[in-house]
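K.L.:
Compute the structure for the input listed below.
(one chain, ligands or ions: 3)
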Amino acid sequence: MRATFFATTWLLLTGLSAQLPQRPSDTVVCQAPESTSIAAPGDASYWLADIKHQGVAAFNPNPSGYKVFRNVKDYGAKGDGQTDDTEAINRAISDGNRVSPESRRTSTTTPAIVYFPEGTYVVSRSIVDYYFTQLVGNPNARPVIKATAAFEGLGVIDGDVYQNDGNQGWTSTNVFFRQIRNFVIDLTDISPNKGATGIHWPTGQASSLFNIKIVMSSASGSQHQGLFIENGSGTVLDDVEIIGGLYGANIGSQQYTTRNLRISDSATCISQIWNWGWTYQGVELNNCGTAISMANGGPGSQTVGSVTVIDSDIKNSHVFVDTVWQESPWSNGSLILENVALENTPVAVQASNKTVLEGGSKTITAWGQGHSYTPAGPKNFQSAMTPGDRPRGLLAKNSNRYYTKSKPQYEKLPVSSFTSVRDGGAKGDGSTDDTKALQSVIDNARRENKIVFFDQGVYKVTNTLQFPPGIRIVGEALPVIMASGGPWTDINKPVPVIQIGQPGDTGFFEWSDMIVSTQGSTPGATLIEWNLDAEQGSGMWEVHTRIGGFAGSQLQVPDCPTVSQVSTKCQAAYMSMHITKSARNVYLENNWFWTADHDLDDPHDTRVSVYTGRGLLVEGKNVWLYGTSSEHHSLYQYQLTNTDSVFIGFVQTESPYYQPKPDAPHSPYKPNPTLNDPDFTHCLSGNCNSLGLRLLNTRDTVIYGAGLYSFFNNYDTTCSANDNNQVCQSEVFSIEGETSGLVVYALSTIGTEWMVVRDGEGVVRAGDNRATFADTVAWFKL
Ligand SMILES: *[C@@H]1O[C@H](CO)[C@@H](O)[C@H](O)[C@H]1NC(C)=O
Ligand SMILES: *[C@@H]1O[C@H](CO)[C@@H](O)[C@H](O)[C@H]1NC(C)=O
Ligand SMILES: *[C@@H]1O[C@H](CO)[C@@H](O)[C@H](O)[C@H]1NC(C)=O
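P.N.:
Ligands and ions are numbered 1, 2, ... in the order given. So this is what the prediction gives:
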């Protein structure tokens with residue numbers, strides 16, 4: 001996250017209100033039902049609807065009166081294809097003193113699932129999304145949200161409604177903990193001449209769009225757009241299908257990872273408004289005028305930092321990628337294409353209307369444009385590339401595509417397959433010690449082969465919880481496991497809060513939709529430790545760490561105000577996550593490892609100083625990190641040590657805002673040699689702050705997009721502004737020791753002097769690669 005600090009200028013992109021900040025401040029694949037036709041209501045069941053609803057918002061002022069799970073039908077929505085359900089749906093969302101976009105507040109004490117059974121819900125105005133809201137449809141019979149011909153509002157679902165003062169309700173980069181999944185959104189009753197938007201979704205981390213279909217007018221001249229994102233700091237967008245419109249997706253954000261996006265019959269299937277980096281994987285674009293336009297801003301002021309497209313199919317389109325890149329000292333408009341199959345698409349890449357890569361029906365093995373360091377640079381290039389073979393262990397079986405797997409929703413399983421932790425005796429009230437109750441539910445579930453359901457709640461634990469192999473766990477609206485006191489008080493002795501398998505264990509494991517946190521001073525807590533040598537397909541989807549800055553954490557504004565003295569009571573974690581040497585086949589998607597920089601429950605988003613040691617340490621083999629981010633840990637955000645075969649993309653980091661007071665070498669977390677912590681003895685001149693990414697003795701690391709950001713110097717952003725010669729820190733990405741098979745695409749950094757440092761020597765200077773607000777290198781290879 002980061003707040004708004006820079007003036008923005010706006011470009012009018014379309015008749016719609018598409019605006020763009022020049023310098024933004026800041027394999028059980030889910031089977032989507034093919035048809036949008038409606039069976040008789042009540043035909044399809046879904047365990048999440050049928051399970052007993054006993055979620056508790058533990059730190060809500062009225063926990064017993066606050067409803068977590070809401071069925072829109074209980075609020076009067078009919079879903080009969082006739083009745084205007086707008087008000088009923090909006091009532092279901094707002095009920096219970098929740099925080100609206102109008103309030104401009106955020107809150108962790110009002111989580112909600114708003115559930116839509118099968119049906120066609122007619123709406124005449126926007127469905128107004130609130131903070132910490134999961135809009136969930138029945139995946140076995142996706143509800144249809146049908147906009148009326150006279151529909152008024154920016155999005156049929158509006159994730160950040162513009163207020164009367166002309167600004168979004170929330171600062172887009174501050175909106176967290178939201179999902180929209182399992183819907184069909186139908187705009188076809190709206191005249192094609194009228195601007196209309198399926199989902200307006202400016203958002204921050206820990207949010208997702210998943211298993212959604214948006215249908216619009218395909219008439220020529222249609223003014224509809226399926227997805228509109230004008231800004232934010234997004235993470236993941238998966239399994240979305242869009243048909244028709246002027247734009248399938250009209251999108252800009254700091255960064256994003258987008259998988260399995262299918263768009264057809266749009267004038268421009270993807271219009272990239274701006275970004276620092278965006279990774280598209282497994283997209284299928286069919287019958288587009290232009291499949292991807294990244295030409296916004298025009299030659300000489302291209303607003304798009306970088307686009308990476310891999311493992312994708314482009315069919316029956318005039319142009320695959322439209323760009324305005326030109327050789328220059330600037331590196332805006334970096335483009336990477338790898339393993340993209342074209343069918344009947346005459347122009348693969350055009351730059352300022354000139355064909356620079358012929359299309360046809362063929363596969364683009366690897367092609368790019370921008371600045372390269374292979375390893376000498378910078379060189380302007382616009383050509384085919386030779387990246388070398390992909391690491392085998394990361395590929396899908398019998399395929400040259402990378403392995404991917406969407407979040408399991410268990411939609412085919414009956415409610416009897418689930419066991420609730422609250423039924424099993426855990427309280428989740430934020431104060432009872434639930435360690436024993438949780439462990440016994442988990443152990444029983446393993447014996448009975450059941451899926452563990454964490455009802456919403458805050459489950460305090462005072463000792464390590466074991467997640468053994470064979471277990472599957474799913475949360476209701478991101479419930480929290482909160483480590484308190486116990487064995488986590490020694491800053492020199494890390495102890496896991498959650499332990500996934502013991503070293504030597506083998507088996508399967510799935511975990512989704514949860515948060516792991518700490519309470520008070522817990523400097524020895526490693527929030528998640530993964531030891532399991534897992535079967536492929538094991539993983540964590542939308543499981544986050546959230547350290548400090550929320551009600552109940554005892555790490556809020558009064559406890560941990562921003563001061564220049566490190567407070568021991570605000571030392572709150574040894575490490576967010578550790579994937580150990582014994583771990584194998586670890587699939588992470590949409591995980592946000594977050595040390596609080598501000599208090600989510602403070603009315604003014606006031607900053608806090610919470611100190612944690614390390615972000616994610618990876619020592620295992622065959623690891624996929626899709627759309628993950630790690631922020632504000634003091635030594636590093638990501639470190640890979642002795643790893644073999646790791647996929648990373650798009651990865652995002654931020655250095656702590658308090659640094660360099662103290663800087664990384666003076667962090668209260670001293671380097672631990674057994675974990676190969678950086679000791680910072682080789683820091684180049686300038687501030688020696690936390691490393692965004694450190695690679696030490698790695699084999700076959702492939703990075704498809706990285707944004708490593710350092711915005712602050714002791715809470716001041718002057719150092720990251722573009723128009724002065726300051727930097728916030730000297731280096732942010734360090735490659736050390738024996739390294740083979742490393743490929744880095746679309747690397748963007750902010751506020752650092754050196755983009756890449758190898759064994760203590762600067763090799764890529766940010767000043768040589770100015771792009772957008774970020775500095776960008778398209779291709780780096782050793
Ligand atoms: C996002 O865009 C809106 C205008 O559309 C602007 O008011 C707001 O400041 C922007 N926010 C960020 C974080 O860039
Ligand atoms: C990149 O963006 C900057 C800032 O907007 C602009 O000055 C520069 O000309 C752009 N470069 C290209 C190649 O578009
Ligand atoms: C490309 O061609 C179109 C149509 O002739 C024109 O409007 C546009 O300005 C051209 N773009 C560039 C970058 O030359």
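
K.L.:
rest of the way, CA atoms for contacts and neighbours
P.N.:
Fine.

K.L.:
Report the separation between Gly649 and Leu693.
P.N.:
12 Å (Cα to Cα, to the nearest Å).

K.L.:
and what of Leu48?
P.N.:
Taking Cα to Cα, one finds Leu48 at 38 Å from Leu693.

K.L.:
between these two, which one's more packed in?
P.N.:
The residue with more neighbours, out of Leu48 and Leu693, is Leu693; 25 against 21, by other Cα atoms under 10 Å.

K.L.:
Next up, the contacts around that one.
P.N.:
Tyr636, Gln637, Tyr638, Gln639, Leu708, Val732, Phe733, Ser734 (Cα atoms under 8 Å, 6 or more residues apart in numbering).

K.L.:
Can you report phi and psi for it?
P.N.:
Dihedral angles of Leu693 (phi, psi; degrees, to the nearest 10) stand at phi -150, psi 130.

K.L.:
Ala664 too?
P.N.:
phi -60, psi -40.

K.L.:
Nearest spatial neighbour of it, chain-adjacent residues omitted?
P.N.:
Asn689 (4.8 Å; Cα to Cα, 6 or more residues apart in numbering).

K.L.:
ok, now Thr464?
P.N.:
Val497 (4.6 Å).

K.L.:
Low-confidence regions, this protein specifically.
P.N.:
Within the chain, the stretches with pLDDT under 70 are 1-43.

K.L.:
hmm, back to that, looking at the contacts of Leu693, spot the one nearest ligand 2.
P.N.:
In terms of Cα to the nearest ligand atom, no member of the contacts of Leu693 lies closer to ligand 2 than Leu708, at 18.6 Å.

K.L.:
three-state assignment of the closest one?
P.N.:
Following DSSP: H, G, I helix; E, B strand; the rest coil, we place Leu708 in the strand state.

K.L.:
if we can go back for a sec, restricted to buried residues, select the contacts of Leu693 in ChimeraX.
P.N.:
In ChimeraX, this line selects whichever of the contacts of Leu693 come out buried by 16 or more other Cα atoms under 10 Å:
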select :636,637,638,639,708,732,733,734
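
K.L.:
so of the contacts of Leu693, which ones are in strands?
P.N.:
Those of the contacts of Leu693 mapping onto strands are Tyr636, Gln637, Tyr638, Gln639, Leu708, Phe733, Ser734, per DSSP state E.

K.L.:
The strand or helix carrying Ser383 pairs with which strands, and in what direction?
P.N.:
Using DSSP states H and E, Ser383 sits in strand 379-384. Under the criterion DSSP bridges, strand 379-384 sits next to strand 354-373 (antiparallel) in its sheet.

K.L.:
in the strand it pairs with, what's buried?
P.N.:
For strand 354-373, by 16+ other Cα under 10 Å, it's 357, 359-361, 363-373.

K.L.:
Can it be said to contact ligand 2?
P.N.:
No - using Cα under 6 Å from any ligand atom, strand 354-373 never reaches ligand 2; the gap is at least 9.2 Å.

K.L.:
about what we covered before: would a markdown table of the contacts of Leu693 with distance to Asn71 be doable?
P.N.:
Converted to a markdown table, the contacts of Leu693 look like this (distance: Cα to Cα, whole Å):
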| residue | distance to Asn71 |
| --- | --- |
| Tyr636 | 43 |
| Gln637 | 39 |
| Tyr638 | 40 |
| Gln639 | 43 |
| Leu708 | 41 |
| Val732 | 46 |
| Phe733 | 47 |
| Ser734 | 49 |
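
K.L.:
how near is the residue positioned nearest the centre of the chain to Ala572?
P.N.:
Computing the C-alpha centroid of the chain and ranking residues by Cα atoms, centre = their mean puts Thr235 first, at 2.2 Å. Distance of Thr235 to Ala572, computed by Cα to Cα: 25 Å.

K.L.:
Also Leu395?
P.N.:
37 Å.

K.L.:
So for these two, which residue has more residues nearby?
P.N.:
Comparing Leu395 with Ala572 by neighbour count (other Cα under 10 Å), the higher total belongs to Ala572, at 31 against 16.

K.L.:
hang on, the more buried one in a strand?
P.N.:
Yes - assessed with three-state DSSP, Ala572 lies in a strand.

K.L.:
then stretch 387-402 to PDB, C-alphas only?
P.N.:
What follows is stretch 387-402, C-alpha atoms only, in PDB (Å, rounded to 0.1, in the frame of the first residue of the first chain):
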ATOM      1  CA  PRO A 387      16.200 -16.900 -22.700                       C
ATOM      2  CA  GLY A 388      17.200 -20.600 -22.500                       C
ATOM      3  CA  ASP A 389      15.100 -23.600 -21.400                       C
ATOM      4  CA  ARG A 390      12.500 -23.300 -18.800                       C
ATOM      5  CA  PRO A 391      13.100 -25.200 -15.600                       C
ATOM      6  CA  ARG A 392      11.300 -28.500 -16.000                       C
ATOM      7  CA  GLY A 393      10.100 -28.800 -12.500                       C
ATOM      8  CA  LEU A 394       8.000 -25.600 -12.900                       C
ATOM      9  CA  LEU A 395       6.100 -26.800 -16.000                       C
ATOM     10  CA  ALA A 396       2.600 -28.400 -16.200                       C
ATOM     11  CA  LYS A 397       2.700 -32.100 -17.000                       C
ATOM     12  CA  ASN A 398       3.300 -32.800 -20.700                       C
ATOM     13  CA  SER A 399       3.400 -29.100 -21.500                       C
ATOM     14  CA  ASN A 400       5.800 -26.300 -22.100                       C
ATOM     15  CA  ARG A 401       3.600 -23.900 -20.100                       C
ATOM     16  CA  TYR A 402       4.200 -23.100 -16.500                       C
END
